[in-house]
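S.K.: Mind looking at a prediction? Sequence and model below.
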Amino acid sequence: METKISEIRKEYTRGKLTQCTINDNPFEQFEEWLNDAIAHNADEPTAMIVATVSAEGHPSTRTVLLKGVENNKFIFFTNYESRKGKQLADNPYISLSFVWHKLERQVHIEGKAEKCLNQVSDTYFSSRPYKSKIGARISPQSRVISSRMEIMRAFVKEVCKLAGHEIRRPDNWGGFAVTPTRFEFWQGRESRLHDRIQYIIQEDGSWKQERLAP
């Protein structure tokens with residue numbers, strides 16, 4: 001007999017989160033949890049769900065990889081002409097979600113995105129593998145294409161064109177830096193009585209910490 005989706009559930013028992021043990025600084029708490037996810041070999045520990053909203057108010061999500069936390073900003077890279085790039089140009093407010101199933105943990109972040117300086121994007125692009133650089137140059141990200149063969153032909157053509165040359169970052173590709181205004185740390189607990197602690201940025205730059213009902 002097929003399992004009913006409504007019957008799929010598990011008890012969360014791996015940990016707990018208290019205001020006595022959580023860090024006062026949400027960036028330091030995030031770093032601690034990210035390091036735990038890496039140390040425990042969580043699948044894609046830097047993967048984050050990015051939610052943006054169109055000019056019409058329609059939300060959309062996708063998964064990208066976190067590439068750094070610098071000067072209290074979360075950094076990721078993308079095609080600025082992609083769906084998320086265009087939506088962020090119209091509405092810079094964004095949310096990021098990390099889900100580490102192995103540790104029964106989640107982190108949700110809300111904030112505002114801005115384009116990284118060209119130097120930051122150039123430095124990261126230069127560190128990418130050769131084929132990833134080519135892919136960034138030729139992919140019209142989020143646009144409709146006729147077939148996979150179309151993109152493969154464009155890839156081969158660009159490889160031939162740039163053979164023996166330095167591969168430069170295209171102008172329509174680069175980083176976004178997200179400045180958080182809210183964090184929520186979620187730890188699964190028994191009986192669905194999960195631990196949820198949020199941090200809200202205050203006018204003076206400090207963080208107000210509060211426990212939320214599960």
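M.R.: Alright, I've got the coordinates.
S.K.: Any idea how many residues pack against Glu11?
M.R.: By other CB atoms under 10 Å, 10 other residues sit near Glu11. Yep, even glycine has a C-beta here, placed from its N, CA and C like the rest.
S.K.: Let me see the contact set for it.
M.R.: Contacts of Glu11 were listed using CB atoms under 8 Å, 6 or more residues apart in numbering, and they are 190-191.
S.K.: Would you mind measuring from it to Glu190?
M.R.: 6 Å (CB to CB, to the nearest Å).
S.K.: now Phe77
M.R.: Separation of Phe77 from Glu190 (CB to CB): 39 Å.
S.K.: center of this protein, which residue is that?
M.R.: Met48 (3.3 Å; CA atoms, centre = their mean).
S.K.: Name whatever forms a beta bridge with that residue.
M.R.: Beta-bridge partners of Met48, counted by DSSP bridges, are Val64.
S.K.: There's contact between it and Val64 in this structure, I believe.
M.R.: Yes: using CB atoms under 8 Å, Met48 is in contact with Val64, at 6.4 Å.
S.K.: Can you check which residues contact both of those two?
M.R.: By CB under 8 Å, 6+ apart, Met48 and Val64 have these common neighbours: Phe76.
S.K.: In terms of neighbours, single out the busier of Phe77 and Glu190.
M.R.: For Phe77 versus Glu190, neighbours defined as other CB under 10 Å are more numerous around Phe77 (21 against 10).
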